[in-house]
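> Show me the folded form of this:
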Amino acid sequence: MGLIQRQDARFTRLPLLVRLRDGLSFFVSSSPARFAVAIFFGLIVVFTTLLSLPVMSADGQQTGFADALFTATSAICVTGLSTVNMATQWSELGHVVIVIATQLGAVGVLTLASLMGLVVSRKLGLRQRLLAAGDVNPMALNKGGAGDSPASRLGEVGGLLATVALSALVIEVGVAILLLPRILLEGVPILEALVEAFYFSAMAFTNTGFIFSESGLTPFLDDVWFLSMLMIGVVLGAIGFPVIYALSRNLRRPHRWSLHVKLTITATVILLVLGTLAFVVLEWSNTSTIGGRGPFHLAFQALFMSVMTRSGGFSTFDTGDLNHASLLVTDMLMFIGGGSASTAGGIKVTTIAILFIAAFAEARGNASMEAFERKIPGDVLRLAVSVVLWGATTVALSSIILLQLTGGDLDEVLFEVISAFGTAGLSTGFTATLDDPGKYVLAATMFMGRIGTVTLAAALAASQRRQLFTRAEERPIVG
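So this is what the prediction gives:
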């Protein structure tokens, strides 16, 4: 008893900073999921404070709290929705701060923290590897970093982190270089063109979709080269860092790709094709959007729209002009989103792929789920179902609250909510009309969508219990 008292007394005499450091270290190691939520929340607070400063606005006036919070959340969550004119509201310094926020949100805060630790110490400890693995594969948050994908194994976390940093830099610089000549042809001065090219490239790769120039996409609405480069940036950002990592090592050896890589690429291609075909069929006669200007224009613009609904956020026309059927298709694509551990949002393409694989297995009477000659464990299906239910619940609650607050049409409200949850950034114009309470609701929806339903569930759930017994089995009626 005396020994315990002496130890407690010794602990109370420790400097405050040391105790804070030890407490933070314990919090990080005991609950990486909650740490991720806390970091995202902290970043939003920091950037809300920064954007509230008068120097950040173009007119030198302080931006309202609701607009500053909404913009900071949209940037950190790489969503792209905005309640203000991004080109005229913010100063050049404000634009730089917003771009920095999108970069932090795009690569994942745990990945970024691990990268910084790797640069400083030139090695990753076990704790940093566990955190980074959890950022790449949310299932690792509950399983100590042990995932099925090679990219999530602790031994390869260092290589994956290097791929994250290098790919983000190379892709954004590469796309900016390819965009630069086309911007120069518009008569833009070289320095201004360089900045504009980098902004477009960064917004494409991070799948944010903010536009900082007053002319926006207007000079490039029919420019195949410019729009193609934007699509490349968006797809590379939305495909996911684990896939980029695998392709960088085994591009010409598909047989060595993991199941995650194969599912992500296959599902992405299928969704892009189906989305393109849907917009071609539904909008071919709509001259307010992409119809009535020839088959090539129709097909190319439909492909561009299919890519951007996955999380890109750019649009060559007023999204509110889409017909109701196209809005519903867009809702579905935005809800699905992009690849896991990517700059995109949504429930992720592998989640929907797992659900379809399970449905086909059940229809054929198979006892297990299989894809590409691999068996998929049952806990993956349970996680996929949980992700969809959490996502659907978030969308439903946010829509109900916004409908009650605004009295808006269901189509518009549902579209904006799914765009916020899926961090797509497309808008029918409804977001810009919101009062402060509505802005807070949509900001919370963006936060819920970006931190991930899996991470949120892990953060809120109690520690796993070890159950030493099995209850009697009974089958309820389903369907």
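
> what about the helices in the stretch 301-450 of the chain?
Under the criterion DSSP state H, counting those that start in this stretch, helices of the stretch 301-450 of the chain are mapped to 324-336, 349-363, 378-406, 410-421, 436-451.

> What of the stretch 101-250 of the chain?
Counting by DSSP H, counting those that start in this stretch, the stretch 101-250 of the chain forms helices over residues 109-121, 126-136, 140-143, 157-184, 190-205, 224-238, 241-250, given from the N-terminal end onward.

> Compute the inter-axis angle for the fourth one and helix 224-238.
Read it as helix 157-184. Interaxial angle, helix 157-184 versus helix 224-238 (axes from the mean of the first three to the mean of the last three CA atoms, to 10 degrees): 160 degrees.

> can you put the helices of the stretch 301-450 of the chain in a markdown table and add distance to P181 and mean neighbour count?
C-beta coordinates here come from the backbone N, C-alpha and C atoms, glycine included. Written out in a markdown table, the entries for the helices of the stretch 301-450 of the chain read as follows (distance: least, CB to CB, whole Å; neighbours: other CB atoms under 10 Å):
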| stretch | distance to P181 | mean neighbour count |
| --- | --- | --- |
| helix 324-336 | 31 | 20 |
| helix 349-363 | 33 | 18 |
| helix 378-406 | 41 | 17 |
| helix 410-421 | 32 | 24 |
| helix 436-451 | 34 | 22 |
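
> and of those, who's closest to L247?
Closest approach to L247 among those (CB to CB): helix 349-363, 15.8 Å.

> Could you pull up the mean pLDDT of that closest one?
Summarised as a single mean, pLDDT over helix 349-363 is 92.

> looking at this structure, which helix or strand is least sure?
Lowest by mean pLDDT, DSSP states H and E among the helices and strands of the chain is helix 109-121, with a mean of 46.

> which ones are touching V385?
Shown here is V385, whose contacts under the criterion CB atoms under 8 Å, 6 or more residues apart in numbering are L355.

> Return the distance of it relative to V280.
Separation of V385 from V280 (CB to CB, to the nearest Å) stands at 32 Å.

> now the helices of the stretch 301-450 of the chain as TSV including distance to T316?
As requested, those are arranged in TSV below (distance: least, CB to CB, whole Å):
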stretch	distance to T316
helix 324-336	14
helix 349-363	24
helix 378-406	26
helix 410-421	17
helix 436-451	24
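
> These: which one's closest to Q301?
Put simply, out of the helices of the stretch 301-450 of the chain the one that sits nearest Q301 is helix 324-336, at 12.1 Å, with distance taken as CB to CB.

> where does this protein dip in pLDDT?
Across the chain, the stretches falling below the confidence threshold (pLDDT under 70) are 1-35, 108-163, 452-469, 479.

> from memory G425 sits against C77, does it?
No - look at G425 against C77 with CB atoms under 8 Å: they stay out of range, at 9.8 Å.
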